[in-house]
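Q: I need the structure of the sequence given here:
(chains A, B, C and D)
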Number of protein chains: 2
Amino acid sequence: MTPAGYPVPEMSEVQLVDILRAVADPIRLEIVRVLADGEPHSKHEDDWGFDVHKSTLSHHFKALREGGVTLTTVSGRTHVIQLRRRELDKKFPGLIDALVTEEPS
Amino acid sequence: MTPAGYPVPEMSEVQLVDILRAVADPIRLEIVRVLADGEPHSKHEDDWGFDVHKSTLSHHFKALREGGVTLTTVSGRTHVIQLRRRELDKKFPGLIDALVTEEPS
DNA sequence: GCTATTGTTTGACAGGCATCAAACAATAAA
DNA sequence: TTTATTGTTTGATGCCTGTCAAACAATAGC
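A: Got it, this is the predicted structure:
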(Lines give C-alpha, C1' and ligand atoms only; values in the text may rest on other atoms or scores of the structure.)
Protein backbone atom coordinates (compact mmCIF):
# COMPACT_ATOMS: atom_id res chain seq x y z
CA MET A 1 0.00 0.00 0.00
CA THR A 2 1.37 3.35 -1.00
CA PRO A 3 0.64 6.06 1.53
CA ALA A 4 -2.44 8.16 0.88
CA GLY A 5 -1.91 11.61 -0.55
CA TYR A 6 -3.13 14.24 -2.93
CA PRO A 7 -2.77 14.23 -6.68
CA VAL A 8 0.32 15.94 -8.03
CA PRO A 9 1.23 16.73 -11.62
CA GLU A 10 3.81 14.53 -13.21
CA MET A 11 7.11 16.30 -13.32
CA SER A 12 7.26 15.81 -17.06
CA GLU A 13 4.22 18.07 -17.40
CA VAL A 14 5.55 20.74 -15.09
CA GLN A 15 6.92 23.83 -16.79
CA LEU A 16 9.52 26.11 -15.28
CA VAL A 17 7.04 28.96 -15.29
CA ASP A 18 4.65 26.89 -13.17
CA ILE A 19 7.31 26.47 -10.52
CA LEU A 20 8.11 30.16 -10.68
CA ARG A 21 4.50 31.19 -10.26
CA ALA A 22 4.18 28.82 -7.33
CA VAL A 23 7.22 30.26 -5.65
CA ALA A 24 6.71 33.95 -6.44
CA ASP A 25 4.95 34.65 -3.17
CA PRO A 26 6.64 35.52 0.13
CA ILE A 27 4.84 32.88 2.16
CA ARG A 28 5.25 30.10 -0.37
CA LEU A 29 8.90 30.94 -0.91
CA GLU A 30 9.48 30.73 2.82
CA ILE A 31 7.69 27.39 2.95
CA VAL A 32 9.99 26.06 0.25
CA ARG A 33 13.04 27.31 2.12
CA VAL A 34 11.93 25.48 5.24
CA LEU A 35 11.15 22.31 3.29
CA ALA A 36 14.60 22.47 1.77
CA ASP A 37 16.00 20.83 4.89
CA GLY A 38 14.84 17.62 3.27
CA GLU A 39 12.57 16.64 6.14
CA PRO A 40 8.82 16.17 5.95
CA HIS A 41 6.93 18.91 7.77
CA SER A 42 3.46 19.01 9.23
CA LYS A 43 1.02 21.48 7.75
CA HIS A 44 -0.07 22.49 11.20
CA GLU A 45 -0.45 26.23 11.48
CA ASP A 46 1.59 26.62 14.65
CA ASP A 47 4.58 24.92 13.05
CA TRP A 48 4.90 27.77 10.57
CA GLY A 49 4.08 30.96 12.42
CA PHE A 50 2.74 32.89 9.47
CA ASP A 51 0.29 35.63 10.30
CA VAL A 52 -2.48 34.35 8.05
CA HIS A 53 -5.65 32.39 8.53
CA LYS A 54 -5.33 28.61 8.38
CA SER A 55 -7.49 28.49 5.25
CA THR A 56 -5.04 30.85 3.58
CA LEU A 57 -2.18 28.58 4.53
CA SER A 58 -4.10 25.64 3.11
CA HIS A 59 -4.50 27.61 -0.12
CA HIS A 60 -0.73 28.14 -0.32
CA PHE A 61 -0.04 24.46 0.27
CA LYS A 62 -2.40 23.65 -2.53
CA ALA A 63 -0.70 26.12 -4.87
CA LEU A 64 2.68 24.53 -4.16
CA ARG A 65 1.35 21.04 -4.70
CA GLU A 66 -0.48 21.86 -7.92
CA GLY A 67 2.52 23.78 -9.16
CA GLY A 68 4.57 20.61 -8.86
CA VAL A 69 6.72 21.78 -5.98
CA THR A 70 5.54 19.64 -3.11
CA LEU A 71 4.04 16.30 -2.22
CA THR A 72 1.53 15.64 0.54
CA THR A 73 1.21 12.50 2.56
CA VAL A 74 -1.83 11.97 4.72
CA SER A 75 -1.65 9.72 7.73
CA GLY A 76 -4.51 9.92 10.15
CA ARG A 77 -5.38 13.48 10.94
CA THR A 78 -2.04 14.94 10.09
CA HIS A 79 -0.88 16.00 6.67
CA VAL A 80 2.80 15.92 5.94
CA ILE A 81 4.37 17.97 3.19
CA GLN A 82 7.72 17.53 1.48
CA LEU A 83 9.66 19.11 -1.32
CA ARG A 84 9.92 17.02 -4.51
CA ARG A 85 13.61 17.70 -4.30
CA ARG A 86 15.10 14.92 -6.36
CA GLU A 87 12.66 15.39 -9.24
CA LEU A 88 13.01 19.16 -9.16
CA ASP A 89 16.79 19.02 -9.11
CA LYS A 90 16.77 16.71 -12.07
CA LYS A 91 14.37 18.73 -14.17
CA PHE A 92 15.42 22.21 -13.08
CA PRO A 93 19.07 21.94 -12.07
CA GLY A 94 20.20 24.57 -9.59
CA LEU A 95 16.80 26.19 -9.20
CA ILE A 96 15.95 25.08 -5.68
CA ASP A 97 19.51 25.77 -4.60
CA ALA A 98 19.18 29.30 -5.93
CA LEU A 99 15.88 29.80 -4.13
CA VAL A 100 17.28 28.62 -0.84
CA THR A 101 20.71 30.22 -0.96
CA GLU A 102 20.97 33.09 1.47
CA GLU A 103 21.39 36.29 -0.49
CA PRO A 104 24.56 38.31 0.04
CA SER A 105 23.97 41.84 1.34
CA MET B 1 27.77 61.79 -19.50
CA THR B 2 26.18 58.52 -18.58
CA PRO B 3 23.77 57.23 -21.19
CA ALA B 4 20.13 58.13 -20.63
CA GLY B 5 17.89 55.42 -19.27
CA TYR B 6 15.03 54.58 -16.95
CA PRO B 7 15.21 54.38 -13.18
CA VAL B 8 15.94 50.94 -11.78
CA PRO B 9 15.86 49.78 -8.18
CA GLU B 10 19.22 49.37 -6.49
CA MET B 11 20.11 45.73 -6.31
CA SER B 12 20.48 46.01 -2.55
CA GLU B 13 16.75 46.74 -2.33
CA VAL B 14 15.72 43.93 -4.64
CA GLN B 15 14.30 40.86 -2.92
CA LEU B 16 14.38 37.40 -4.39
CA VAL B 17 10.61 37.32 -4.47
CA ASP B 18 10.60 40.46 -6.63
CA ILE B 19 12.76 38.73 -9.20
CA LEU B 20 10.55 35.67 -9.06
CA ARG B 21 7.38 37.67 -9.61
CA ALA B 22 9.02 39.45 -12.52
CA VAL B 23 10.01 36.20 -14.14
CA ALA B 24 6.90 34.13 -13.38
CA ASP B 25 5.29 34.91 -16.72
CA PRO B 26 5.85 33.04 -19.98
CA ILE B 27 6.67 36.12 -22.04
CA ARG B 28 8.92 37.71 -19.47
CA LEU B 29 10.74 34.44 -18.85
CA GLU B 30 11.38 34.10 -22.56
CA ILE B 31 12.68 37.67 -22.69
CA VAL B 32 15.14 36.89 -19.92
CA ARG B 33 16.29 33.78 -21.72
CA VAL B 34 16.99 35.79 -24.84
CA LEU B 35 18.77 38.51 -22.89
CA ALA B 36 20.93 35.88 -21.27
CA ASP B 37 23.17 35.90 -24.33
CA GLY B 38 24.73 38.94 -22.71
CA GLU B 39 24.01 41.23 -25.62
CA PRO B 40 21.84 44.34 -25.53
CA HIS B 41 18.59 43.89 -27.42
CA SER B 42 16.22 46.36 -28.97
CA LYS B 43 12.72 46.53 -27.60
CA HIS B 44 11.34 46.62 -31.10
CA GLU B 45 8.30 44.39 -31.43
CA ASP B 46 9.48 42.58 -34.55
CA ASP B 47 12.69 41.53 -32.85
CA TRP B 48 10.73 39.41 -30.39
CA GLY B 49 7.87 37.86 -32.30
CA PHE B 50 5.45 37.59 -29.41
CA ASP B 51 1.80 37.56 -30.33
CA VAL B 52 0.82 40.49 -28.15
CA HIS B 53 0.19 44.15 -28.69
CA LYS B 54 3.20 46.44 -28.47
CA SER B 55 1.76 48.15 -25.41
CA THR B 56 1.59 44.78 -23.71
CA LEU B 57 5.21 44.18 -24.54
CA SER B 58 6.08 47.58 -23.13
CA HIS B 59 4.26 46.60 -19.95
CA HIS B 60 6.39 43.45 -19.66
CA PHE B 61 9.60 45.39 -20.18
CA LYS B 62 8.53 47.72 -17.43
CA ALA B 63 7.79 44.83 -15.08
CA LEU B 64 11.24 43.40 -15.68
CA ARG B 65 12.95 46.73 -15.13
CA GLU B 66 11.01 47.57 -11.97
CA GLY B 67 11.58 44.07 -10.68
CA GLY B 68 15.31 44.67 -10.88
CA VAL B 69 15.97 42.26 -13.71
CA THR B 70 16.84 44.54 -16.58
CA LEU B 71 18.33 47.87 -17.50
CA THR B 72 17.21 50.14 -20.31
CA THR B 73 19.40 52.49 -22.28
CA VAL B 74 17.82 55.07 -24.52
CA SER B 75 19.68 56.41 -27.50
CA GLY B 76 17.68 58.35 -29.99
CA ARG B 77 14.47 56.63 -30.84
CA THR B 78 15.61 53.17 -29.93
CA HIS B 79 15.49 51.64 -26.51
CA VAL B 80 17.99 48.97 -25.68
CA ILE B 81 17.44 46.46 -22.90
CA GLN B 82 19.97 44.30 -21.10
CA LEU B 83 20.03 41.82 -18.28
CA ARG B 84 21.65 43.05 -15.06
CA ARG B 85 23.63 39.88 -15.16
CA ARG B 86 26.66 40.66 -13.03
CA GLU B 87 24.59 42.18 -10.23
CA LEU B 88 22.03 39.39 -10.34
CA ASP B 89 24.67 36.68 -10.29
CA LYS B 90 26.30 38.29 -7.31
CA LYS B 91 23.14 38.73 -5.30
CA PHE B 92 21.28 35.59 -6.41
CA PRO B 93 23.96 33.06 -7.32
CA GLY B 94 22.82 30.45 -9.79
CA LEU B 95 19.35 31.86 -10.28
CA ILE B 96 19.71 33.20 -13.80
CA ASP B 97 21.59 30.09 -14.82
CA ALA B 98 18.72 27.98 -13.53
CA LEU B 99 16.19 30.07 -15.41
CA VAL B 100 18.10 29.81 -18.65
CA THR B 101 19.19 26.19 -18.47
CA GLU B 102 17.31 24.05 -20.93
CA GLU B 103 15.15 21.62 -19.01
CA PRO B 104 15.78 17.91 -19.49
CA SER B 105 12.82 16.01 -20.89
C1' DG C 1 7.96 72.14 -40.81
C1' DC C 2 5.58 67.47 -41.98
C1' DT C 3 5.72 62.57 -41.56
C1' DA C 4 7.22 58.14 -40.13
C1' DT C 5 9.35 55.45 -36.48
C1' DT C 6 9.79 53.72 -31.93
C1' DG C 7 8.20 53.28 -28.07
C1' DT C 8 5.29 54.79 -23.40
C1' DT C 9 1.03 55.90 -20.96
C1' DT C 10 -3.69 55.76 -19.85
C1' DG C 11 -8.22 53.71 -19.71
C1' DA C 12 -11.12 49.81 -19.86
C1' DC C 13 -11.97 45.05 -19.15
C1' DA C 14 -11.78 40.25 -17.71
C1' DG C 15 -9.62 36.92 -15.04
C1' DG C 16 -6.75 35.50 -11.31
C1' DC C 17 -5.22 35.71 -6.59
C1' DA C 18 -4.46 36.43 -1.46
C1' DT C 19 -7.19 36.87 2.29
C1' DC C 20 -10.77 35.90 5.86
C1' DA C 21 -14.78 33.65 7.75
C1' DA C 22 -17.76 30.02 8.09
C1' DA C 23 -19.04 25.53 7.02
C1' DC C 24 -17.61 20.98 6.20
C1' DA C 25 -14.91 16.40 6.68
C1' DA C 26 -12.20 12.93 8.72
C1' DT C 27 -9.84 11.01 12.43
C1' DA C 28 -8.52 10.58 17.29
C1' DA C 29 -9.53 10.82 22.11
C1' DA C 30 -12.51 10.98 26.01
C1' DT D 1 -20.98 8.50 21.16
C1' DT D 2 -19.70 12.99 22.01
C1' DT D 3 -15.92 16.20 21.59
C1' DA D 4 -11.56 17.97 20.04
C1' DT D 5 -8.04 18.14 16.47
C1' DT D 6 -6.36 18.91 11.94
C1' DG D 7 -7.02 20.32 8.10
C1' DT D 8 -9.99 21.40 3.32
C1' DT D 9 -13.62 23.75 0.75
C1' DT D 10 -16.61 27.27 -0.46
C1' DG D 11 -18.19 31.93 -0.78
C1' DA D 12 -17.16 36.90 -0.58
C1' DT D 13 -14.17 40.76 -1.11
C1' DG D 14 -10.65 43.73 -2.76
C1' DC D 15 -6.55 44.04 -5.20
C1' DC D 16 -3.39 43.00 -8.77
C1' DT D 17 -2.32 41.76 -13.52
C1' DG D 18 -2.29 40.71 -18.61
C1' DT D 19 -4.38 42.34 -22.55
C1' DC D 20 -5.94 45.60 -26.20
C1' DA D 21 -6.90 50.09 -28.11
C1' DA D 22 -6.17 54.74 -28.48
C1' DA D 23 -3.73 58.70 -27.37
C1' DC D 24 0.56 60.69 -26.45
C1' DA D 25 5.78 61.72 -26.78
C1' DA D 26 10.27 62.02 -28.68
C1' DT D 27 13.37 61.52 -32.35
C1' DA D 28 14.84 60.92 -37.21
C1' DG D 29 14.31 61.81 -42.04
C1' DC D 30 12.27 64.07 -45.88
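
Q: give me every residue that touches A:G68.
A: A:V8, A:P9, A:M11, A:E13, A:V14, A:D18, A:I19, A:A22, A:R84, A:L88 (CB atoms under 8 Å, 6 or more residues apart in numbering or on different chains). Any C-beta I mention is one placed from the backbone N, CA and C, and that applies to glycine too.

Q: at 6 Å instead, please
A: Residues counted as contacts of A:G68 (CB atoms under 6 Å, 6 or more residues apart in numbering or on different chains) are A:P9, A:V14, A:D18.

Q: Contact residues of chain A facing DNA strand D?
A: Within chain A, the residues that sit near DNA strand D (CB under 7 Å from any atom of the strand) are A:42-45, A:54-55, A:57-59, A:61-62, A:72, A:77-79.

Q: Of these, which pair is most distant in space?
A: Greatest spacing in the residues of chain A next to DNA strand D, by CB to CB: A:H59 and A:R77 (19.6 Å).

Q: Looking at the two, which is more packed in?
A: Each of A:H59 and A:R77 has its neighbours counted (other CB atoms under 10 Å in any protein chain shown); A:H59 has more, 14 against 6.

Q: Just the element for that one, please.
A: Here A:H59, judged by DSSP states H and E, is contained in helix A:54-66.

Q: tell me which residues of the helix or strand just after that helix are tucked away?
A: Once the chain leaves helix A:54-66, the next helix or strand it forms, by DSSP H and E, is strand A:70-75. Going by neighbour count (16 or more other CB atoms under 10 Å in any protein chain shown), the buried part of strand A:70-75 is A:T70, A:L71, A:T72.

Q: Between helix A:54-66 and strand A:70-75, find me the angle.
A: Calculated by axes from the mean of the first three to the mean of the last three CA atoms, to 10 degrees, strand A:70-75 forms an angle of 120 degrees with helix A:54-66.

Q: quick one: is the helix or strand following strand A:70-75 near DNA strand C?
A: Counting by DSSP H and E, the next helix or strand C-terminal to strand A:70-75 is strand A:78-83. No. Strand A:78-83 does not reach DNA strand C (CB under 7 Å from any atom of the strand); its nearest approach is 8.0 Å.

Q: What are the buried residues along the helix or strand following strand A:78-83?
A: Going down the chain from strand A:78-83, the next helix or strand is helix A:85-91, by DSSP H and E. Of the residues in helix A:85-91, A:E87, A:L88, A:K91 count as buried by neighbour count, 16+ other CB under 10 Å.

Q: One more: stretch A:89-102?
A: Along stretch A:89-102, these residues count as buried under the neighbour rule (16+ other CB under 10 Å): A:K91, A:F92, A:P93, A:G94, A:L95, A:I96, A:A98, A:L99, A:V100, A:T101.

Q: Excluding covalently adjacent residues, which one is nearest to the fifth one?
A: This means A:L95. Spatial nearest neighbour of A:L95, excluding adjacent residues (CB to CB, 6 or more residues apart in numbering or on different chains): B:A98 at 4.0 Å.

Q: Fine by me, thanks again.
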